[in-house]
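Engineer: Give me coordinates for this.
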Amino acid sequence: VLTGMMPYDTAGVKTIVETIIRSDITALLVHSDYLAIAIAQALENQGKRIPDDISLISIDGFATPSSRPLTVLRSDEEELAACAIHTLLSRIQSPDQPVHRMYLDPTLIDRGSVVQR
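Structural biologist: Sure, this is the predicted structure:
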């Protein structure tokens with residue numbers, strides 16, 4: 001498992017792709033559709049095939065499905081907004097209260113970027 005914050009620019013995508021190619025990574029879970037699409041294009045430019053060589057899932061689902069199908073974990077936008085507003089108002093009213101976590105139940109939308117084994 002590799003974690004980290006990389007910029008969305010070309011250098012960031014290049015660094016991610018170089019790391020993937022030097023390793024035995026077979027799947028990526030990316031926090032943004034736009035970054036996932038950029039990584040997929042860069043990987044394919046290096047001869048890697050999505051999903052045959054590398055499976056790809058984005059935790060987003062906000063990009064319009066295009067010529068590049070992308071499997072996504074998508075949260076309900078209204079539920080996400082309601083949780084964000086609730087958390088913000090709670091912190092404003094009681095800034096010293098301990099931090100609490102909210103969990104959303106995302107939906108998997110399979111668009112073929114994950115290999116079936």
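
Engineer: show me the contacts for residue 31.
Structural biologist: 58-60 (C-beta atoms under 8 Å, 6 or more residues apart in numbering). Any C-beta I mention is one placed from the backbone N, CA and C, and that applies to glycine too.

Engineer: buried sites along the helix or strand of the chain with the lowest mean pLDDT?
Structural biologist: Lowest on mean pLDDT, DSSP states H and E among the helices and strands of the chain sits helix 10-22, with a mean of 84. Across helix 10-22, burial judged by 16 or more other C-beta atoms under 10 Å covers 12-13, 16-17, 20.

Engineer: what mean pLDDT does the helix or strand harbouring residue 81 have?
Structural biologist: Following DSSP states H and E, one finds residue 81 within helix 77-93. Averaging pLDDT along helix 77-93 gives 91.

Engineer: What lies in contact with that helix?
Structural biologist: Counting by C-beta under 8 Å, 6+ apart, 97, 102, 104 sit against helix 77-93.

Engineer: could I get it in CSV with only the CA atoms?
Structural biologist: Extracted C-alpha coordinates of helix 77-93, given in CSV (Å, rounded to 0.1, in the frame of the first residue of the first chain):
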residue,chain,number,x,y,z
GLU,A,77,-24.0,14.1,-2.7
GLU,A,78,-26.9,15.3,-0.5
GLU,A,79,-25.8,13.0,2.4
LEU,A,80,-22.2,14.2,2.0
ALA,A,81,-23.3,17.8,2.1
ALA,A,82,-25.6,17.2,5.1
CYS,A,83,-22.8,15.5,7.1
ALA,A,84,-20.4,18.4,6.2
ILE,A,85,-22.9,21.0,7.3
HIS,A,86,-23.8,19.1,10.5
THR,A,87,-20.1,18.7,11.4
LEU,A,88,-19.3,22.4,10.7
LEU,A,89,-22.2,23.7,12.8
SER,A,90,-21.3,21.3,15.6
ARG,A,91,-17.7,22.5,15.6
ILE,A,92,-18.8,26.2,15.6
GLN,A,93,-21.2,25.6,18.5
